[in-house]
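Undergrad: From the sequence below, what's the structure:
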Amino acid sequence: QVQLVESGGGTVQAGGSLRLSCKTSGLTPSSYHMGWFRQAPGKEREFVAAISVSSIRTIYGDSVKDRFTISRDNTVHATYLQMNSLKPEDTAVYYCAAAFQIGTDASQFSYWGQGTQVTVSS
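TA: Coordinates of the predicted model:
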C-alpha cells in the first residue's frame, strides 16, 4: 500500500520560513521522482517543485524560484521543501506527489499525499 504523508505545515509571518516533509511508504525511492504542489482556496492546483530520483535535476515554479528548495533523502524515504521568504500568497494546502516521469503537470503524478496547510500572515 502506497502512502505519502506530509508534515511541517503551520502558520508563519511573512518573511519567515517553514520546512515541509513528505514520508513515503510502499514506494521504492529509486523508482519515483517527487514533487510538491499547492492549492489555495478557489484556485487551481499549482506546481511548486520537483526533484528527480537521484536529486540531479530539480524544477521550480516561477512563483517560488529562489525562495524554495526541494531535496530528498532516499535512505529515509523522505522529500523536503524548504520555504524561505514566505509571502501571504504562499498560503495554501501543500501536497507531495510521486511520479514515474519528472514534470510539472499534476496528471503526471500517480500518488498523492493528503496535504498540509501553510498559512502566511501579513
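Undergrad: Quick check: phi and psi at the most centrally placed residue in the chain.
TA: Geometric centre of the chain, nearest residue: W36, 2.4 Å, by CA atoms, centre = their mean. W36 adopts backbone torsions of phi -120, psi 140, taken as degrees, to the nearest 10.
Undergrad: Which residue, neighbours along the chain excluded, lies closest to it?
TA: Nearest-residue entry for W36: V48, 4.2 Å, with adjacent residues in sequence omitted and distances by CB to CB, 6 or more residues apart in numbering. Where you see a C-beta, it was placed from the backbone N, CA and C, and this is true even at glycine.
Undergrad: what ranges do the strands span in this protein?
TA: 3-7, 10-13, 18-25, 33-39, 46-51, 58-60, 68-73, 78-83, 92-99, 109-112, 116-121 (DSSP state E).
Undergrad: Can you convert the ones you listed into a markdown table and add a column each for mean pLDDT?
TA: Output for the strands of the chain, formatted as a markdown table (pLDDT from 0 to 100):
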| stretch | mean pLDDT |
| --- | --- |
| strand 3-7 | 98 |
| strand 10-13 | 98 |
| strand 18-25 | 97 |
| strand 33-39 | 98 |
| strand 46-51 | 98 |
| strand 58-60 | 98 |
| strand 68-73 | 98 |
| strand 78-83 | 98 |
| strand 92-99 | 98 |
| strand 109-112 | 97 |
| strand 116-121 | 98 |
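Undergrad: taking those together, which one is wrapped up most tightly?
TA: strand 33-39 (a mean of 24; mean count of other CB atoms under 10 Å).
Undergrad: one step back: confirm for me that the residue nearest to W36 is in contact with G61.
TA: Yes - the pair V48 and G61 qualifies as a contact (CB atoms under 8 Å) at a distance of 5.3 Å.
Undergrad: Right, I'll call it a day here.
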